[in-house]
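**Student:** Attaching a predicted model along with its sequence, questions to come.
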Amino acid sequence: MILPNKLFSYNESVLSKIPCVLSNLGSPKTPVELLRLCKNINGPVELVDVLDCLYALKRITLNDKGEIEKC
């Protein structure tokens, strides 16, 4: 997980991608749908980092269908 520090700016960090994911979760979505909707996320590895952060903060959950939804 990339966090802002001397080497990485806020815009390059995972924290800057969180608002895009949360704003697109009005209804449950699959990870593939989120990756297509969030243009500022550079690949599936970065998406997993963002989702890990949101899950640790208890802002998202996984439903029975395997879709991501807001808590």
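**Tutor:** Noted; the coordinates are in hand.
**Student:** Report all helices and strands that the longest helix seen in the chain contacts.
**Tutor:** Of all the segments of type helix in the chain, defined by DSSP state H, the longest one is helix 44-56. Other helices and strands packing on helix 44-56, by 3 or more Cβ pairs under 8 Å, 6 or more residues apart in numbering; DSSP states H and E, are helix 18-23, helix 31-37, strand 60-62. For the C-beta atoms, the positions are set from N, CA and C on the backbone; glycine is no exception.
**Student:** Switch these over to CSV; also include distance to residue 8, mean neighbour count and mean pLDDT.
**Tutor:** What follows is the helices and strands packed on helix 44-56, written out as CSV (distance: least, Cβ to Cβ, whole Å; neighbours: other Cβ atoms under 10 Å; pLDDT from 0 to 100):
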stretch, distance to residue 8, mean neighbour count, mean pLDDT
helix 18-23, 15, 15, 96
helix 31-37, 21, 15, 96
strand 60-62, 23, 15, 96
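**Student:** Distance to residue 47 added to these, as JSON lines?
**Tutor:** Rendered in JSON lines, the data for the helices and strands packed on helix 44-56 read as follows (distance: least, Cβ to Cβ, whole Å):
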{"stretch": "helix 18-23", "distance to residue 47": "8"}
{"stretch": "helix 31-37", "distance to residue 47": "5"}
{"stretch": "strand 60-62", "distance to residue 47": "12"}
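**Student:** Could you check those and tell me which one is nearest residue 10?
**Tutor:** Shortest distance between residue 10 and the helices and strands packed on helix 44-56, using Cβ to Cβ, is found for helix 18-23: 11.3 Å.
**Student:** Extract the CA atoms of the closest one and return them as CSV.
**Tutor:** Once side chains and other backbone atoms are set aside, the C-alpha atoms of helix 18-23 remain, and they are given as CSV (Å, rounded to 0.1, in the frame of the first residue of the first chain):
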residue,chain,number,x,y,z
ILE,A,18,-10.6,6.3,-2.0
PRO,A,19,-13.2,9.0,-2.9
CYS,A,20,-13.6,7.7,-6.4
VAL,A,21,-14.4,4.2,-5.2
LEU,A,22,-16.8,5.4,-2.5
SER,A,23,-18.6,7.7,-4.9
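**Student:** No more questions from me, cheers.
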